[in-house]
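S.K.: Task: produce atomic coordinates for the following.
(2 chains)
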Amino acid sequence: MSRLPKPLTRPPAITPAGTARRRARREAATAWAFVLPSVLIILGLSIIPVLWSLLLSFQYSDLLTPSAWVGLDNYRQLAHDPQFGQAVRNTLVYTALYVPLSIGLGLFLALVLNRRIRFVGLYRTLLFVPFVVSAAAQGVLFSFILDPEFGAANSLLHRIGVSPQGFLSDPAQALLVLVVISLWSGTGFCVVIYLAALQDVPRELIEAATLDGADRRHVLRHVTLPTIAPVSVFLLLWQTINALQVFDLVYVTTKGGPLGSTTVIVYFVWEQAFRNFTAGYGAAAAYVLGVTLLVIAAATRLVRRRDDRRLKGATS
Amino acid sequence: MTDLSHAPGRAADRLRPVGRATGEPVARPRRRFRLPFSPWHLLLAPLALLFAVPLIWLGLSSVMSDAEINRFPPALWPSGIHLGGYRYVLGNAMFPRWFANSLIVSAVAVVSNLLLGTLGGYAFARMRFGGSRVLLVLMLATMAIPFQLTMIPTFLVMRKLGLVDTLGALIVPSLVTPFAVFLLRQFFLSLPRELEEAAWIDGCSRLRVLFQIVVPLSRPALSTVAVLTFLTTWNDLSWPLIALNHDANYTLQLGLTTFRGQHHTQWSAVMAGNVITVLPVLLAFLAAQKTFVRSITSSGLKG
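M.R.: As a prediction, the model looks like this:
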């Protein structure tokens, strides 16, 4: 052990400053060699495209012929495009339903599973498994189950005497059905995150509150929920960002239909850029969504920081 | 709600025997009827079944005959095991090709994320070099960029590189993610420096220190990166949809989606293809469930 500290103090004594500098330079060169591949790929395929997208959004571009500068025309046109308006509305409805339901259901199930009952592991597995199933597989599976003619869902409804439903082919139902499919696959994620957070709630805190005469509901309201509040904020942010960007499931199941009832913003962007070849217009729509997401993320950040400060102020 | 709160093992239950030992009459009314198991099972069991049923149905319908599926009302249980769907997708369709494509893309992505993430993460955690702070912040910031902001120009970049409609277009953007670099950096920072310094002083190069001392200690973080990279690349649909044109280059997710569009009436074949698409992830999940859950919670809670 005595070997360890000595050499660390030796170099300045016996090596001239030049060697140390050379060593530092060699170290920096090695470090750059280590990070260069990552830097090139990550920054090259994010920062350049983001700026390029911004440029595109001020242009008319069909991805093939040279594009023409049109200024703010794309954005102006977006504001008056009823299709884009519908896409925004559909996305907001989907988000407003999916986010609170997945978080609420996830919290409830996590609280239930966070007690000493049998088969907790099995329940958790079954609730979580759909999360690893890809959106493509989910979409194909559910368009089969919910097929108006050959689907198992209508077959079951028929057996209990309910008239067959249109599900994904019914403009009034399709978006709601998509929310339900997303809940099937996304609730398990919230359950697992909340379960991990609940395990970190200090036991002593709950026991102290119980001894002080707090009943179940009080402990939940004044101990458990405040302790896991940061996790709730994280889930709210995470689920909202993901819900606003929903695309895969829509593409596989409804392709935005019927009658545009499930066209969401990202589907609109994709359709404009890669189906209608109006890439500039698509990029403008993407920027509208992107800026919204950024504002949401920044706002959550601010709220969280303020809460942290308040918490620190309270404890010190 | 009140009768549900008497699950065994609660603090209130533990206090009760004291009263009984002193002979005081227990202040509770008549003993209520009690289930031999926690009443929560009455809620959890049907709910868990509800979550499992679609996947069970996926398995069942993949071994039904088309006749069973296409009659009304369709059968809910296969009369026997019909492998016609599997025979069709493995023989006539491109599923084996798509499976290989998916496997290649995912495998390259996993290996490359582990390697480049380790190198980058280590440099950011342990080495001094000009601009490292700025680079790290920039990289972190890219994690907040939504996919649809980059997808159109990334397609144009890939076209410039001549990679559109090849697996390269899928591989290049997934070679390394900021998530892998950052997660590994955080993990390396948590390791004690002394271990590396000893080897460092013995004259080992940075690379040897990294791969002989640091990497073997970093299994948990490396498995997290591997699991999440595999899950996201295997399951991705939107980028392959944009970057690929010919069905010979499709991945399973994209192949399954188009196959379903072309074979509306052959549901058993579609479901057999769906099983093939889901099974690798499902098996990996069941085999390494703890790692999966830990990876997803750790990435989530730190993100």
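
S.K.: and stretch A:58-65 with chain B, contact?
M.R.: Yes - using Cβ under 8 Å from any Cβ of the partner chain, stretch A:58-65 reaches chain B at residue A:63. Every C-beta, even on glycine, is put in place using the N, C-alpha and C of the backbone.

S.K.: What is the end-to-end distance of that stretch?
M.R.: End-to-end span of stretch A:58-65 (Cα to Cα, to the nearest Å): 16 Å.

S.K.: Return the set of buried residues in that stretch.
M.R.: Within stretch A:58-65, the residues that count as buried by 16 or more other Cβ atoms under 10 Å in any protein chain shown are A:58, A:59, A:60, A:61, A:63.

S.K.: Which one of these is nearest to residue B:248?
M.R.: Among the buried residues of stretch A:58-65, residue A:63 lies closest to residue B:248 (Cβ to Cβ), at 22.9 Å.

S.K.: Tell me who's in contact with the residue nearest to the closest one when sequence neighbours are not counted.
M.R.: Excluding its sequence neighbours, the residue lying closest to residue A:63 (Cβ to Cβ, 6 or more residues apart in numbering or on different chains) is residue A:279, at 4.9 Å. By Cβ atoms under 8 Å, 6 or more residues apart in numbering or on different chains, the contact set of residue A:279 is A:56, A:61, A:62, A:63, A:67, A:272, A:273, B:152.

S.K.: re earlier: can you list the buried residues of stretch A:58-65 in TSV and add secondary structure and pLDDT?
M.R.: Formatted as TSV, those follow (DSSP: H, G, I helix; E, B strand; the rest coil; pLDDT from 0 to 100):
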residue	secondary structure	pLDDT
A:58	coil	94
A:59	strand	91
A:60	strand	91
A:61	coil	87
A:63	coil	83
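
S.K.: Tell me the confidence at residue A:295?
M.R.: Looking at residue A:295, its pLDDT is 89.

S.K.: now swap in residue A:158 and tell me
M.R.: The score at residue A:158 is 85. That number is its pLDDT.

S.K.: Tell me which helix or strand it sits in.
M.R.: Assigned by DSSP states H and E, residue A:158 belongs to helix A:152-159.

S.K.: could you check whether the helix or strand just after that helix is close to chain B?
M.R.: Next along the chain after helix A:152-159, taking DSSP H and E as the criterion, comes helix A:174-199. Yes - using Cβ under 8 Å from any Cβ, helix A:174-199 reaches chain B at A:184, A:188, A:189, A:192, A:193, A:196, A:197.

S.K.: Can you pick out the most distant pair from those?
M.R.: Put simply, by Cβ to Cβ the two of those set farthest apart are A:184 and A:197, 22.4 Å from each other.

S.K.: out of these two, which sits in the busier spot?
M.R.: residue A:197 (24 against 21; other Cβ atoms under 10 Å in any protein chain shown).

S.K.: Next up, the contacts around that one.
M.R.: Applying Cβ under 8 Å, 6+ apart, we find residue A:197 in contact with A:110, A:227, A:228, A:231, B:301.

S.K.: Grab the nearest non-local neighbour of the third one.
M.R.: Meaning residue A:228. Using Cβ to Cβ, 6+ apart, the closest residue to residue A:228 is residue A:197 (4.4 Å).

S.K.: Likewise for the second one?
M.R.: Leaving aside its chain neighbours, residue A:227 sits nearest to residue A:201 (4.7 Å; criterion: Cβ to Cβ, 6+ apart).

S.K.: neighbours of the closest residue to chain B within the stretch 151-300 of chain A, just the number please.
M.R.: Here the stretch 151-300 of chain A gets closest to chain B at one residue, residue A:155, 3.8 Å apart by Cβ to the nearest Cβ. Residue A:155 is flanked by 19 other residues according to other Cβ under 10 Å.

S.K.: I figured it hits residue B:74, correct?
M.R.: Yes - look at residue A:155 against residue B:74 with Cβ atoms under 8 Å: they come within range, at 5.2 Å.

S.K.: State the phi and psi torsions of residue A:69.
M.R.: phi -70, psi 130 (degrees, to the nearest 10).

S.K.: give me every residue that touches it.
M.R.: Counting by Cβ under 8 Å, 6+ apart, residue A:69 has contacts A:58, A:59.

S.K.: and if you look at residue B:96?
M.R.: Per Cβ under 8 Å, 6+ apart, neighbours of residue B:96: residue B:90.

S.K.: Please give the element, helix or strand, for it.
M.R.: Element membership for residue B:96 (DSSP H and E) is helix B:95-126.

S.K.: and that helix, how far from the chain's centre?
M.R.: In terms of Cα atoms, centre = their mean, to the nearest Å, the centre of helix B:95-126 is set 14 Å apart from its chain centre.

S.K.: Beyond it, next helix or strand please.
M.R.: Following helix B:95-126 in sequence, per DSSP H and E, is helix B:132-142.

S.K.: For that next one, what does the pLDDT average out to?
M.R.: Helix B:132-142 carries an average pLDDT of 90.

S.K.: what's next to that helix, contact-wise?
M.R.: Residues outside helix B:132-142 that contact it (Cβ under 8 Å, 6+ apart): A:31, A:35, A:38-39, A:42-43, A:46-47, B:123-124, B:178, B:181-182, B:185.
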